[in-house]
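Chemist: here are the coordinates; sequence isn't available:
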Ligand code: BG6
């Protein structure tokens, strides 16, 4: 479905995010015919670049980050024709008249301003957008995470952006919300009666959310070291997954109905304090090891100096509500783990009583595994009888839906959906100001508890599932992290 004609202005046009994610996503949307012919994508950054040079860079980027099967020369050339470029100092004065002149050529376009820059610049860029008369009914601003590094800085950014744009025109990206399987979670929970009836503390034993990565900090050590796994992944992506898993049914799919329900979950998170932080959290940092059979350096070596920043975090979280009372949520994420894997595991209570002889009853509880990546899909682990005449032996098997096999189509990247939702003005999959701030308030309590204890992160070899303390964290409760059947 085509969207309205737009001028997408991307600040930070030569940066990593634009190159790896935004331009490839826009290319795919163009290829699928969603982008109207009068639309433009206008790169903006401080580098003095000719339009031709920006197009040449983009051509290289697409060759690297778009699958060869999806790239054909004619579509690529036609897409590049939609690209323009302006050298502009987002936070200073230079170059703005050129941007204004360019946008004035097509005054009726929808105008999203995507700030793929450091969050420190969000406020100044927005002030400039206002000063140069670029904010109107058809403009929107898109903010990448992280929105700040704690509640105080997040509020300052939200205030500065909020002085220029009304909340309905602010789109705070958490790209996990654009992932197909994450949206599928809404379908699973609210378009099927069977799961809804089971979604309660009476039936669910606990929930696990794992977001594991094999990569280290790559070229981003400078940013990452000021952030760490809690700020980089848990405060946003993982808490958003938790919200979609735990929230009540929204009234409808309107942005505010969905966000109201997510907000209630965030408000219900029990703060972690210095008193329980040892029991319910683990911070880790990878040391030398091997991933995919290849030796890799430790974090400190990559960084080049000493640091206590965590590259792994696991914690046990409580959602204080009737539905979830007594149901722990175990969360973990880390860099340099053995595989790239994001999944939500809902583990149901074990059968209360066994009619089967003890030795034949592998008392495995049912689990619903929602796999976000890779191999998107869902599995329900159920007990079945082992085939054959050997008596009543039981074993767990999977009721399995592989989305790849079922739908046989390319899975769009999260950014494709989100970039087009911005043009449509649909904010359902974006974070509202209060969500971001309440999530920060919770993360701040944990950061403070860690700071009070002054403990260094625990070492884990690259290629392992984090410090052994993370295994102990869940095993103390008589549970284990989910492993593939
Ligand atoms: C980003 C984090 O938000 O998400 C990165 O800043 C992380 O550190 C990335 O690698 C993971 O995203 P995905 O889509 O690859 O799971």
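Modeler: Structure's in. What do you need? Everything numeric in this text was worked out from a predicted model, so none of it was measured.

Chemist: from here on, just use CA atoms for contacts and neighbour counts.
Modeler: Fine.

Chemist: how close does residue 154 sit to residue 465?
Modeler: 31 Å (CA to CA, to the nearest Å).

Chemist: repeat that for residue 93.
Modeler: Taking CA to CA, one finds residue 93 at 48 Å from residue 465.

Chemist: could you do residue 438 as well?
Modeler: The span separating residue 438 from residue 465 equals 29 Å under the rule CA to CA.

Chemist: residue 398: what's its closest spatial neighbour, skipping adjacent residues?
Modeler: Once flanking residues are discounted, residue 398 sits nearest to residue 381: 4.6 Å by CA to CA, 6 or more residues apart in numbering.

Chemist: that neighbour and residue 375: what is the separation?
Modeler: 17 Å.

Chemist: more neighbours, these two?
Modeler: Per other CA atoms under 10 Å, whichever of residue 381 and residue 375 has more neighbours is residue 381, with 20 against 12.

Chemist: the more buried one bridge partners, please.
Modeler: Following DSSP bridges, residue 381 is listed with bridge partners residue 367, residue 398.

Chemist: use 25 as the first number for this chain going forward.
Modeler: Sure, I'll start numbering at 25, so the last one becomes residue 405.

Chemist: hang on, residue 32 in a strand?
Modeler: Yes - assessed by DSSP: H, G, I helix; E, B strand; the rest coil, residue 32 belongs to a strand.

Chemist: now do residue 227 against residue 372, distance only.
Modeler: On the measure of CA to CA, residue 227 and residue 372 end up 6 Å apart.

Chemist: for residue 310, give me its contacts.
Modeler: 322, 323, 335, 336, 359, 360, 483, 484, 485, 486, 490 (CA atoms under 8 Å, 6 or more residues apart in numbering).

Chemist: closest to residue 273 among those residues?
Modeler: residue 336 (32.0 Å; CA to CA).

Chemist: I'd say the closest one and residue 311 touch.
Modeler: No - the pair residue 336 / residue 311 is not scored as a contact, 11.5 Å apart, by CA atoms under 8 Å.

Chemist: can you pick out the residue with more neighbours from these two?
Modeler: Using other CA under 10 Å, the more surrounded residue of residue 336 and residue 311 is residue 336, with 30 against 20.

Chemist: okay, and the beta partners of that one?
Modeler: Going by DSSP bridges, residue 336 forms beta bridges with residue 308, residue 358.

Chemist: can you tell me how far it is from residue 474?
Modeler: For residue 336, the distance to residue 474 - CA to CA - is 14 Å.

Chemist: identify the contacts common to these two.
Modeler: Between them, residue 336 and residue 474 share no contacting residue, judged by CA under 8 Å, 6+ apart.

Chemist: where do the helices sit along the stretch 125-274 of the chain?
Modeler: 146-155, 175-186, 204-214, 217-222, 245-249, 253, 263-270 (DSSP state H, counting those that start in this stretch).

Chemist: next: the stretch 375-509 of the chain.
Modeler: Under DSSP H, counting those that start in this stretch, the stretch 375-509 of the chain gives helices at 427-431, 438-448, 457-477, 492-499.

Chemist: tabulate those (JSON lines), appending mean pLDDT and mean neighbour count.
Modeler: Shown next, in JSON lines, are these (pLDDT from 0 to 100; neighbours: other CA atoms under 10 Å):
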{"stretch": "helix 427-431", "mean pLDDT": "80", "mean neighbour count": "12"}
{"stretch": "helix 438-448", "mean pLDDT": "96", "mean neighbour count": "21"}
{"stretch": "helix 457-477", "mean pLDDT": "96", "mean neighbour count": "19"}
{"stretch": "helix 492-499", "mean pLDDT": "97", "mean neighbour count": "17"}
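
Chemist: the residue nearest to residue 316 when sequence neighbours are not counted: what's it in contact with?
Modeler: Spatial nearest neighbour of residue 316, excluding adjacent residues (CA to CA, 6+ apart): residue 362 at 7.1 Å. By CA under 8 Å, 6+ apart, the contact set of residue 362 is 236, 237, 238, 315, 316, 486, 487, 488, 489.

Chemist: tell me the confidence at the closest residue to the fourth one other than its chain neighbours?
Modeler: Right, the one you point to is residue 315. Nearest residue to residue 315 in three dimensions, chain neighbours excluded: residue 487, at 4.6 Å (CA to CA, 6+ apart). Residue 487 is assigned 96 on the pLDDT scale.

Chemist: how many other residues sit next to residue 487?
Modeler: The number of residues near residue 487, taken as other CA under 10 Å, comes to 25.

Chemist: is it true that it touches residue 361?
Modeler: Yes - counting by CA under 8 Å, residue 487 touches residue 361, with 4.7 Å between them.

Chemist: list residues touching both of those two?
Modeler: 238, 315.

Chemist: middle-most residue in this structure, spatially?
Modeler: Central residue of the chain (CA atoms, centre = their mean): residue 200, 3.0 Å from the mean position.

Chemist: what sits against the closest residue to that residue other than its chain neighbours?
Modeler: Once flanking residues are discounted, residue 200 sits nearest to residue 261: 5.9 Å by CA to CA, 6+ apart. By CA under 8 Å, 6+ apart, the contact list for residue 261 reads 198, 199, 200, 201.

Chemist: closest to residue 345 among these?
Modeler: The closest of these, once distances to residue 345 are taken by CA to CA, is residue 201, at 23.5 Å.

Chemist: quick one, what contacts the residue lying closest to that closest one once chain neighbours are set aside?
Modeler: Closest residue in space to residue 201, ignoring its immediate chain neighbours: residue 453 at 5.6 Å, by CA to CA, 6+ apart. By CA under 8 Å, 6+ apart, the contact set of residue 453 is 197, 201, 202, 279, 442.

Chemist: for residue 453, phi and psi?
Modeler: phi -100, psi 20 (degrees, to the nearest 10).

Chemist: for the residue lying farthest from the centre of the chain, what are phi and psi?
Modeler: For the chain, the residue at maximal distance from the C-alpha centroid (CA atoms, centre = their mean) is residue 413, at 48.3 Å. Backbone torsions for residue 413, taken as degrees, to the nearest 10, come to phi -80, psi 10.
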